[in-house]
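Undergrad: Show me how the following folds:
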Amino acid sequence: MEEKIKNQKNVKNVNGLSSFARGVAYIFLFALGLSLSGYLSLVFFQWYLEGGTVTLPDFRNQNLIEVINNSARLGLQVEVKKLEYDPQSPLNLVLSQDPQPGSKVKKGSRVWVVVNGGGTAVAQGGVSSSGVSVVPDLREKKLEEVETILRESGLQLGRVVEATHDRIPRGYVISQNPPPQSKVSQGEKVNLLVSKGSEILGEQAVVKVPDLVGLRFEEAKILLAQEGLSVGTVEEVPAGERRAGIIVDQNPLPGEEVEAGQSINLWVSKRAQESTSSQIASGTKELSLRFVLPDSRVPIEVKVVASDELGERVLYEKTHQGGELVEFSAPTKGKGKVVIFLNGYYYWEKALE
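TA: Residues are numbered from 1 along each chain as shown. I've put the predicted structure just below:
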């Protein structure tokens, strides 16, 4: 009987040890599985992060076409940031890149490159091999950018005059002289009218007209811009004893209060050589008109129509950019009038006496 009880105790002890061993084994397997799962998750996460990235190669000193093709194979996009003009380097050679070589970027990212455009700048404002520069369009560009654009075009920054403007932000170009696409000598200076922002608040909307009589036309134009005014029609009159190109009259008169931005009409003394040819033997007169066009982002079609003893006819018809100076002469006879149309709309007229 005692032996039977002893055997039952031994069986219970063995069963207890087996249960304990199984429990330890389960815990070990659970811990092992958890560790393996964490390791695999870490490996997968690292693959996820690095699997969609690319180490940028060095594109410098390679042809742009090769760079575009190589980038496409890597899943990248190439965009030309700007052109530089180095006569010592081949055309379309990549000079620099952003991001730098060795950087890690995601697939589909853009890589900006600076490319050599050759020894001379051409097309939209540039320098030709003959030493003639085409003036670029600087309107509504930030002043800080303008010097670089002019330098690349073989030009220099000239006078910078500030004027208030309701629409164009402070520090951006309102107009320029010479106008865009003009052909000038290399190294020519380009003068700018730059916005100093809108100041039309309350009493600041009223400006006193400065006295322009006796000033040269260019001086009067700058002074008007500084006062927030603009040049209206410009009519040439016989110089008499005055020098040519001098303001002899204006409307509105000096001291009058007008709204900011208003145009001031000017009368300028005519060149001496033109004054001798105003009368023609046939009884006709030579009409000389000179006026500055208003600023405009779109081209302006200028049409001048005369009605006099010679009948109604078009004296002038040409497309200009905003801010350009229009100047021409044409014969007229007897009484009548000359009307200026801009883009088909009435702009100004002058009676013929």
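Undergrad: For this protein, name the helix or strand with the lowest mean pLDDT.
TA: One helix or strand of the chain scores below all others by mean pLDDT, DSSP states H and E: helix 272-275, with a mean of 46.
Undergrad: From V338, how far off is the residue lying closest to L325 once chain neighbours are set aside?
TA: The shortest distance from L325 to any non-neighbouring residue, by C-beta to C-beta, 6 or more residues apart in numbering, is to V292 (5.4 Å). Any C-beta I mention is one placed from the backbone N, CA and C, and that applies to glycine too. Distance, V292 to V338, using C-beta to C-beta, to the nearest Å: 17 Å.
Undergrad: Mind listing what's buried along stretch 142-161?
TA: Under the neighbour-count criterion of 16 or more other C-beta atoms under 10 Å, stretch 142-161 has 143, 146, 149-150, 152-155, 157, 161 buried.
Undergrad: Could you list the residues in contact with it?
TA: Applying C-beta atoms under 8 Å, 6 or more residues apart in numbering, the contact partners of stretch 142-161 are 83-85, 121, 125-127, 133-136, 138, 141, 171-173, 184, 186-194, 222, 225-226.
Undergrad: Could you pull out the helices in this protein for me?
TA: Counting by DSSP state H, the segments of the chain that form helices are 2-51, 64-73, 143-152, 217-226, 272-275.
Undergrad: In the stretch 51-200 of the chain, where is pLDDT below threshold?
TA: Of all residues in the stretch 51-200 of the chain, those with pLDDT under 70 make up the ranges 51, 85-88, 117-130, 164, 166, 198-200.
Undergrad: ranges for the strands of it?
TA: 53-55, 77-84, 94-98, 104-106, 110-116, 132-134, 156-163, 173-177, 183-185, 189-195 (DSSP state E, counting those that start in this stretch).
Undergrad: that older thread, okay if I get the buried residues of stretch 142-161 as JSON lines plus distance to E309?
TA: Output for the buried residues of stretch 142-161, formatted as JSON lines (distance: C-beta to C-beta, whole Å):
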{"residue": "L143", "distance to E309": "52"}
{"residue": "V146", "distance to E309": "50"}
{"residue": "I149", "distance to E309": "51"}
{"residue": "L150", "distance to E309": "50"}
{"residue": "E152", "distance to E309": "54"}
{"residue": "S153", "distance to E309": "49"}
{"residue": "G154", "distance to E309": "50"}
{"residue": "L155", "distance to E309": "47"}
{"residue": "L157", "distance to E309": "50"}
{"residue": "V161", "distance to E309": "44"}
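Undergrad: Out of the strands of the stretch 51-200 of the chain, which is closest to N61?
TA: The closest of the strands of the stretch 51-200 of the chain to N61 is strand 94-98. By C-beta to C-beta, the value is 6.9 Å.
Undergrad: partners of that closest one in the sheet?
TA: strand 110-116 (antiparallel) (DSSP bridges).
Undergrad: With just CA atoms, put the strand it pairs with into PDB.
TA: Extracted C-alpha coordinates of strand 110-116, given in PDB (Å, rounded to 0.1, in the frame of the first residue of the first chain):
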ATOM      1  CA  ARG A 110      13.800  67.100 -59.400                       C
ATOM      2  CA  VAL A 111      17.500  67.900 -59.900                       C
ATOM      3  CA  TRP A 112      18.200  71.500 -60.900                       C
ATOM      4  CA  VAL A 113      21.200  72.100 -63.100                       C
ATOM      5  CA  VAL A 114      23.100  75.100 -64.500                       C
ATOM      6  CA  VAL A 115      24.000  74.600 -68.100                       C
ATOM      7  CA  ASN A 116      26.500  76.400 -70.400                       C
END
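Undergrad: Nothing else from me, thank you.
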